[in-house]
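Peer 1: Compute the structure for the input listed below.
(one chain, ligands or ions: 1)
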Amino acid sequence: MTDFSSDFTVYRNIPGVDTLVAYRCKTCETKYDTAAEAAKCFAQGWEPQLEPGDIVMPKLELDDRAACYTWISGYGHWATEHTAVKGQKRAFMIHYVVTAVTTAKVLNPHSYPRRGSHEPIYHVATRAFIHNHEPRVRWTSRETHLELVKVQAPHPLVVKEGAKLVGQHATQIL
Ligand SMILES: [Zn+2]
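Peer 2: As a prediction, this is how the structure comes out:
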């Protein structure tokens, strides 16, 4: 049997001292009672599809009103008009910059309670919505919430302004 304990031990035994021993996945930092459980969690891997600095927008089907906004409160170059929505005068697709990619551990446990999840959480920001001089920052996940797709040929100003937003973490879901 492979001994994973040196890789995953959180608290090491000190001779003569009763020490709590736990095992922690190095990706999601979930703690387990056994090294084998931690190793199994780690073996799920970590494969984000996007990286900080990418300019993205929610994936949508044509004529999908739910994914569009009828107004913006910030800068127009952070959105494109989506003409396929019927019965609406204007509909905007909001562009976002990926500001961070993390595991779910950084989120409010009440909003995302699954232990041991290796699903990448994408933190995104947009200057299409400005509130108290701050851009809107939200998070999403591909598997369980809104999927994101890269914007083809994003506006050069979005790339430039977006680079300055990299590093921000969201607390609210997109
Ligand atoms: Zn894990």
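Peer 1: what about the residue nearest the centre of the chain, is that helix, strand or coil?
Peer 2: Geometric centre of the chain, nearest residue: residue 122, 1.6 Å, by Cα atoms, centre = their mean. What DSSP: H, G, I helix; E, B strand; the rest coil gives for residue 122 is strand.
Peer 1: ok, the nearest residue to residue 28 once chain neighbours are set aside - contacts?
Peer 2: Nearest residue to residue 28 in three dimensions, chain neighbours excluded: residue 103, at 4.5 Å (Cβ to Cβ, 6 or more residues apart in numbering). C-beta: built from backbone N, CA, C; applies to glycine. Counting by Cβ atoms under 8 Å, 6 or more residues apart in numbering, residue 103 touches 27-29, 46, 117-121.
Peer 1: who are the neighbours in contact with the residue nearest to the centre of the chain?
Peer 2: 48, 50, 56, 98, 100-101, 139-142, 148.
Peer 1: Of all those, the one with the weakest confidence?
Peer 2: Minimum pLDDT across the contacts of residue 122 is recorded for residue 142, with 80.
Peer 1: mind listing the helices for this protein?
Peer 2: Ranges of helices in the chain, per DSSP state H, are 5-8, 35-42, 156-163.
Peer 1: Packing partners of the last one?
Peer 2: In this structure, helix 156-163 makes packing contacts with strand 55-58, strand 96-102, strand 121-131, judged by 3 or more Cβ pairs under 8 Å, 6 or more residues apart in numbering; DSSP states H and E.
Peer 1: Out of those strands, which is closest to residue 167?
Peer 2: Closest approach to residue 167 among those (Cβ to Cβ): strand 96-102, 6.1 Å.
Peer 1: rewinding a little: which one of the contacts of residue 103 is nearest to the ion?
Peer 2: Proximity of the contacts of residue 103 to the ion (Cβ to the ion) peaks at residue 28, which lies at 3.4 Å.
Peer 1: in this protein, which spans are strands?
Peer 2: Along the chain, counting by DSSP state E, strands occupy 23-24, 31-32, 55-58, 79-81, 92-94, 96-102, 121-131, 134-141, 148-150.
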